[in-house]
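>>> Provided below for reference: sequence and predicted model.
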Amino acid sequence: MKRIFFNLSVDTEQDLHSTQYTGVTQGLPLLASVVEKYPLLPTLFVTGDCLENYPKVFQSYKRQGWEISLHGYRHLRYDELNLNQKKGHLQKGVTLFKKIFKATPSGFRAPQHSIDTDTLQLLPSFGFRYDSSFTPRNFLQVLFFPCYWKAQLKHAFTKNAPSRITDSFYEIPPSAFIFPLTGFPLSILPLFLFKRLFDLIYFLTPHNGIILFYFHSWSLIPLKSKVQKYCPPEQFLKKMDQFTAYALRKTEAITLEEYTYSLTAVANKKKPK
């Protein structure tokens, strides 16, 4: 039987179409009540404003073993920033992170998956070990952001597996097969169909590969959203719980930081002496 890893990550930011942080203050504790039942430590991609407003909250999660990584200094598209702005935002984000955690963030996920070549090349110079922004095989993403269809379509045809960018820096994309393995399809699809999506992705994932499932912090709180008319937060949480149990019967939980270190270790072993 092949060995497959599983990661649950959360894009942690201001509430959707709001300046509030209810997803942080009320949503993440609900997540904690679910994952504590499993050998699972989530990866949180957190924006700088969340870290500034709730440093003790994220310090507490980190002490529990959760991975805290960066989701941008602010929730802005990186492909709309010029090179100096990209550098400035990354520097501010890393400086803030070091102030709170006394360490450099290992991972980065660009808001709205807006990674571009310049940003990807800058990340290793700021101490990042991996990026998780590309969206291979995710054609739903093109529909979500039609104004950026060229960039999203380009992402959709990138490699759907971890890619080594430098000796110690990787791209680890979220999992998808037309539909992404994310909170939105979990909300709109019957659970048995979402499990079949997982099964298909599992079948396509090679030995020692990883399956990434993610959603947003605001998915766990009440919103004025058409989606929540069909799947309110309490139902979403129940489906997430059931899906997590199903996924962990076939996979091993891991943080993206741990997985990156394992990739680097394997790659270094293969280096000619």
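Happy to help now that I have it.
>>> buried ones in the longest helix along the chain?
Taking DSSP state H as the criterion, the chain has its longest helix at helix 83-101. Buried residues in helix 83-101, defined by neighbour count with 16 or more other C-beta atoms under 10 Å: 86-87, 89-90, 93-94, 96-97, 100. The way it works is simple: take the backbone N, C-alpha and C, and place the C-beta from them, glycine included.
>>> Check stretch 64-78 too.
Of the residues in stretch 64-78, 66-73, 75-78 count as buried by neighbour count, 16+ other C-beta under 10 Å.
>>> ok, back up a step: tabulate the buried residues of helix 83-101 (CSV), appending pLDDT and distance to residue 200.
Shown next, in CSV, are the buried residues of helix 83-101 (pLDDT from 0 to 100; distance: C-beta to C-beta, whole Å):
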residue, pLDDT, distance to residue 200
86, 98, 36
87, 98, 40
89, 98, 36
90, 98, 35
93, 98, 35
94, 98, 37
96, 98, 39
97, 98, 36
100, 98, 39
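>>> Out of these, which is nearest to residue 210?
Nearest to residue 210 out of these is residue 97 (C-beta to C-beta; 23.5 Å).
>>> Which strands or helices does the helix or strand harbouring residue 237 pack on?
Assessed by DSSP states H and E, residue 237 sits inside helix 233-248. In this structure, helix 233-248 makes packing contacts with strand 5-12, helix 28-35, helix 183-188, helix 191-204, strand 210-216, judged by 3 or more C-beta pairs under 8 Å, 6 or more residues apart in numbering; DSSP states H and E.
>>> Could you export these to CSV, including columns for mean pLDDT?
Below are the helices and strands packed on helix 233-248 laid out as CSV (pLDDT from 0 to 100):
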stretch, mean pLDDT
strand 5-12, 98
helix 28-35, 97
helix 183-188, 96
helix 191-204, 97
strand 210-216, 98
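>>> Check residue 150 and give its pLDDT.
With respect to pLDDT, residue 150 has a value of 73.
>>> Specify the local secondary structure of it.
Following DSSP: H, G, I helix; E, B strand; the rest coil, residue 150 is assigned to helix.
>>> ok, it - contacts?
By C-beta atoms under 8 Å, 6 or more residues apart in numbering, the contact list for residue 150 is empty.
>>> Out of the helices and strands packed on helix 233-248, which gets nearest to residue 134?
strand 210-216 (11.0 Å).
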